[in-house]
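Q: Here is a sequence with its predicted model. Questions after.
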Amino acid sequence: MAAASKSYYDILGVSKSASQDEIKKAFRKLAQKYHPDAGGDEDKFKEINEAYAVLSDPEKKAQYDRFGTVGDFGAGGNPFAGYGGGNPFGGGAGGFNWSDIFGNMANGEGAFGSNWDFRVNNASAKGKDLQASIQLSFQEAFAGCSKKVSIRIPSTGETETVTVNIPAGAMDGGKMRFKGKGEHGAGGGPRGDLVVVTRLAEHPLFAREKADVVMTLDVDVTEAALGAQVVVPTPDGNRVKLRIPAGSQNGAVLRVKGKGAPYLKGKGTGSGDLLVKLRVNVPKNLTQEQRAALEALRDASPDPSTLRPEVAKATA
């Protein structure tokens, strides 16, 4: 008996009252861990298989529970007699299907063949995805850039530096997936992915609203009242002329088409817009000439003591 010093229940790490499903799950986990083709211990693997061959068969399990042995295990006999010609994976009466544990075998030999020449197909698995955040300036996100990201690989404890290409138009909180840059796979499986979350630093003039770029433009009372033509900067480093309509109100938004950030792939073509929000500044310190001009404007305006039409309509 390969496990003379330990009970089969201890070998599989289950209690005597464990269900067949619990026994099978415990065996699957240990078999994947100790299989020689996956770098495991061959003697330990044989011990695990012997324990499972008994505990997975109700008749042999009952005999083991009663007598502490099955057949002539202790005398060096075959623990799998009656399991399909001595092959514990033959699928005969009382046997079990090895493909349930590892998938299809590479050849027909049982687990105790002379060269252990079959593959643990299901033992390989893709590595986990990893996530990292990266800080971008407004201009880096607008125009795109190449950045280096340092990530710690949990399975090895090592730090890797990955170069990622940030596309033009990247947004704050946006996520980009880079294939094969994550955790190493198990059993030769492929690496997971690296998910990079972009964070945008504040800009003194511009702000982002998806692909649109927003800026605030200070105008004086006369420009807002009479209208004006001004020059404003654009995020790409150029300048454009902008016409402020006469009678513009504080908070009004003027749109400059196509001067925003580039659309990300799949979000459209071209670029968003530049949105110019007007902030009308009322002067605090007036010269005599300015005061006289405003007083003349006041005298030419309707009597401010009368109820304004919009107020009168709402309160009628």
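A: Cool, got the structure. In this text, all values refer to a predicted model and were calculated from it rather than measured experimentally. Residues are numbered from 1 along each chain as shown.
Q: Using the three-state scheme, assign the most centrally placed residue in the chain.
A: In the chain, the residue lying closest to the centroid (CA atoms, centre = their mean) is V195, at 4.8 Å. V195 carries the three-state label strand when classified by DSSP: H, G, I helix; E, B strand; the rest coil.
Q: which regions of the stretch 151-300 of the chain sit below the pLDDT cut-off?
A: 268 (pLDDT under 70).
Q: where do the strands sit along it?
A: With DSSP state E, counting those that start in this stretch as the definition, the stretch 151-300 of the chain shows strands at residue ranges 159-166, 175-178, 194-200, 206-209, 212-220, 228-233, 239-244, 253-256, 274-281.
Q: Counting neighbours, which bits of the third one end up buried?
A: Of all the residues in strand 194-200, those buried under the rule 16 or more other CB atoms under 10 Å are 194-196, 198, 200. The C-beta positions use only the backbone N, C-alpha and C, and glycine is treated the same way.
Q: Only C-alpha atoms, please: export that strand in CSV.
A: Taking Å, rounded to 0.1, in the frame of the first residue of the first chain, the C-alpha atoms of strand 194-200 are listed here in CSV:
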residue,chain,number,x,y,z
LEU,A,194,-2.7,44.4,-19.0
VAL,A,195,-5.6,46.9,-18.5
VAL,A,196,-4.3,50.5,-18.3
VAL,A,197,-6.5,53.1,-16.8
THR,A,198,-5.7,56.7,-18.0
ARG,A,199,-5.9,59.6,-15.6
LEU,A,200,-5.6,63.2,-17.1
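Q: Can you name every helix or strand that that strand contacts?
A: Counting contacts by 3 or more CB pairs under 8 Å, 6 or more residues apart in numbering; DSSP states H and E, strand 194-200 is packed against strand 130-136, helix 138-143, strand 145-152, strand 159-166, strand 175-178.
Q: what's it in contact with?
A: By CB atoms under 8 Å, 6 or more residues apart in numbering, the surrounding residues in contact with strand 194-200 are 129-138, 141, 149, 151, 162, 164, 166, 170-178, 181-182, 208.
Q: Can I get the buried ones among the residues you listed as something I can paste into PyMOL?
A: Selecting only the buried members of the contacts of strand 194-200 in PyMOL, with burial defined as 16+ other CB under 10 Å, works like this:
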select buried, resi 130+132+134+136+138+141+149+151+162+164+166+170+171+172+174+176+178+181+182+208
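Q: what sits up against stretch 206-217?
A: Applying CB under 8 Å, 6+ apart, the contact partners of stretch 206-217 are 138, 141-142, 169, 171-172, 200, 205, 230, 232-233, 235, 242, 259-264, 267-268, 271-279.
Q: Try it again at 6 Å.
A: 138, 205, 235, 260-261, 263, 272-279 (CB atoms under 6 Å, 6 or more residues apart in numbering).
Q: do the same with stretch 284-299
A: When contacts are defined by CB under 6 Å, 6+ apart, stretch 284-299 is touched by no residue outside itself.
Q: Show me what counts as buried in that stretch.
A: Neighbour-count burial for stretch 284-299 [16+ other CB under 10 Å]: no residues qualify.
Q: Need the CA coordinates for that stretch. CSV is fine.
A: Extracted C-alpha coordinates of stretch 284-299, given in CSV (Å, rounded to 0.1, in the frame of the first residue of the first chain):
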residue,chain,number,x,y,z
LYS,A,284,-15.4,97.3,-10.7
ASN,A,285,-13.3,100.4,-11.1
LEU,A,286,-14.6,102.8,-13.7
THR,A,287,-13.0,105.9,-15.2
GLN,A,288,-15.0,109.0,-15.5
GLU,A,289,-15.4,108.4,-19.2
GLN,A,290,-16.6,104.9,-18.7
ARG,A,291,-19.1,105.9,-16.0
ALA,A,292,-20.5,108.7,-18.2
ALA,A,293,-20.9,106.2,-21.1
LEU,A,294,-22.7,103.7,-18.9
GLU,A,295,-25.0,106.4,-17.5
ALA,A,296,-25.9,107.5,-21.0
LEU,A,297,-26.7,103.8,-21.8
ARG,A,298,-28.8,103.7,-18.7
ASP,A,299,-30.7,106.8,-19.6
